[in-house]
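Asks: Can you look at this prediction? I've put the sequence above it.
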Amino acid sequence: MSVIDAFLDALWLEQGASDHTLAAYRRDLTAWQNYLVAQGDDILSPGLQQLPVWLDARREQGYQLRSNARLLSSLRSFYRWARLHGHVASDPLAEVKLPRVLPGLPNTLEEAEVERLLMAPDIETPLGVRDRTMLELLYACGLRVSELVSLTGDAVNLRQGVVRVRGKGDKDRLVPMGEEAIDWLAHYMKTARPALMSDPTKSALFPGRGDKAMTRQTFWHRIKVHSITAGITRPLSPHTLRHAFATHLLNHGANLRVVQLLLGHSDLSTTQIYTHVAQARLENLHAEHHPRG
């Protein structure tokens, strides 16, 4: 087993890192290792000047500051682990400072745009009812797309109006759905889901092909199709409705810590980015409507 594989196994065992996180670490560490090997070095004994030279080369290739900052974070985690487990005598990056990256404001939608997106699917078809229900649930609960597509039938409680979500690090949280999402989910489970599944006893709440859970890529494609129908021209991301959920809650006076719990953020600082989005929205409204704006 390579030292990179051992590090990734430790991340999975000790921190419950997701497949997506592990894949990102593997890409970063493999790229660094390949560069060092080409220079006659090894990942456990890099030359002191190799990292700044490589980062300069990456910048010339068009990599942004944020990308290099994330890569440095991966390398520092690896070398801390390597020193702790005796693979290196000292951390070669201990004195390297991470570049300060200001958080980018997440792309979100106005409330009227969300309404148009929710109404885009053709609800006269089982597929349309499925997509409408997924969009309603995504917006009502602020779910990650990966959390949405992995839901099972026993994760929802229509009577209590909550959904049990398994988030990052395999941490569960209960999220209220709201009346609109509850109504759509009840309608979907009664009519559309049985029509879409050859074996309704399978666990996937939102099936793709072969009664298996829909993939993130498939649902993201469905969002893009419906955004065209809704006439939404601004760029979207898989997290667009999650961002809208948080921003609209804050715009309407929700407490930041409540939003943190609903989103499943372990750190309040992660949630605070949405206060900037809400503030930007208020400033735009002021500039647009105030006589002295």
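Replies: Structure received. Numbering: from 1, shown residues only.
Asks: residues near the spatially closest residue to Leu263 that is not a sequence neighbour, how many?
Replies: In this structure, Leu263 finds its nearest non-sequential neighbour in Gly142, 5.3 Å apart by Cβ to Cβ, 6 or more residues apart in numbering. All C-beta atoms are positioned from the backbone trio N, CA, C, and that covers glycine. Counted with other Cβ atoms under 10 Å, the neighbours of Gly142 add up to 23.
Asks: Equivalent analysis for Gln33, please.
Replies: 18.
Asks: That one contacts Phe7, doesn't it?
Replies: No: the pair Gln33 / Phe7 is not scored as a contact, 11.5 Å apart, by Cβ atoms under 8 Å.
Asks: that older thread, pretty sure the residue nearest to Leu263 contacts Thr247?
Replies: No: Gly142 lies out of contact with Thr247 (Cβ under 8 Å); the separation is 10.0 Å.
Asks: Angles on the backbone of the residue nearest to Leu263, please.
Replies: phi 70, psi 40 (degrees, to the nearest 10).
Asks: Contact partners for it?
Replies: 175, 241-242, 245-246, 249, 259, 262-263 (Cβ atoms under 8 Å, 6 or more residues apart in numbering).
Asks: Can you tell me how far it is from Asn157?
Replies: 18 Å (Cβ to Cβ, to the nearest Å).
Asks: what does Asp183 give?
Replies: On the measure of Cβ to Cβ, Asp183 and Asn157 end up 15 Å apart.
Asks: Just give me the least confident of the contacts of Gly142.
Replies: Within the contacts of Gly142, pLDDT reaches its minimum at Val259, with 66.
Asks: where does the stretch 151-293 of the chain dip in pLDDT?
Replies: Counting by pLDDT under 70, the stretch 151-293 of the chain shows low-confidence ranges at 254-256, 258-261, 264-293.
Asks: try 90
Replies: Low-confidence regions of the stretch 151-293 of the chain, defined by pLDDT under 90, span residues 153-154, 162-163, 165-178, 199-203, 208-211, 216, 220, 233-293.
Asks: so where do the helices sit in it?
Replies: With helices called from DSSP state H, counting those that start in this stretch, the stretch 151-293 of the chain shows them at 179-187, 193-196, 216-229, 240-251, 256-263, 268-271, 273-289.
Asks: And the first one, what does it pack against?
Replies: Other helices and strands packing on helix 179-187, by 3 or more Cβ pairs under 8 Å, 6 or more residues apart in numbering; DSSP states H and E, are helix 126-141.
Asks: Ok, the fourth one next?
Replies: Counting contacts by 3+ Cβ pairs under 8 Å, 6+ apart, helix 240-251 is packed against helix 111-118, helix 126-141, helix 256-263, helix 273-289.
Asks: let's go with 7 Å and repeat that
Replies: Here helix 240-251 touches helix 126-141, helix 256-263, helix 273-289, going by 3 or more Cβ pairs under 7 Å, 6 or more residues apart in numbering; DSSP states H and E.
Asks: how close does Lys190 sit to Lys171?
Replies: Relative to Lys171, and taking Cβ to Cβ, Lys190 is found at 31 Å.
Asks: Give me the nearest residue to Thr229, chain neighbours excluded.
Replies: Ala120 (4.1 Å).
Asks: Just the CA coordinates for the helix or strand encompassing Phe7, please, in CSV.
Replies: Element membership for Phe7, per DSSP states H and E: helix 3-15. Extracted as CSV, the C-alpha positions of helix 3-15 are listed here (Å, rounded to 0.1, in the frame of the first residue of the first chain):
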residue,chain,number,x,y,z
VAL,A,3,1.7,6.2,1.6
ILE,A,4,-1.0,8.1,-0.2
ASP,A,5,-3.4,5.2,0.1
ALA,A,6,-2.6,4.8,3.8
PHE,A,7,-3.3,8.5,4.4
LEU,A,8,-6.7,8.3,2.5
ASP,A,9,-7.6,5.2,4.5
ALA,A,10,-6.9,7.1,7.7
LEU,A,11,-9.1,10.0,6.5
TRP,A,12,-11.9,7.7,5.9
LEU,A,13,-11.6,5.8,9.1
GLU,A,14,-10.9,8.7,11.5
GLN,A,15,-12.9,11.5,9.9
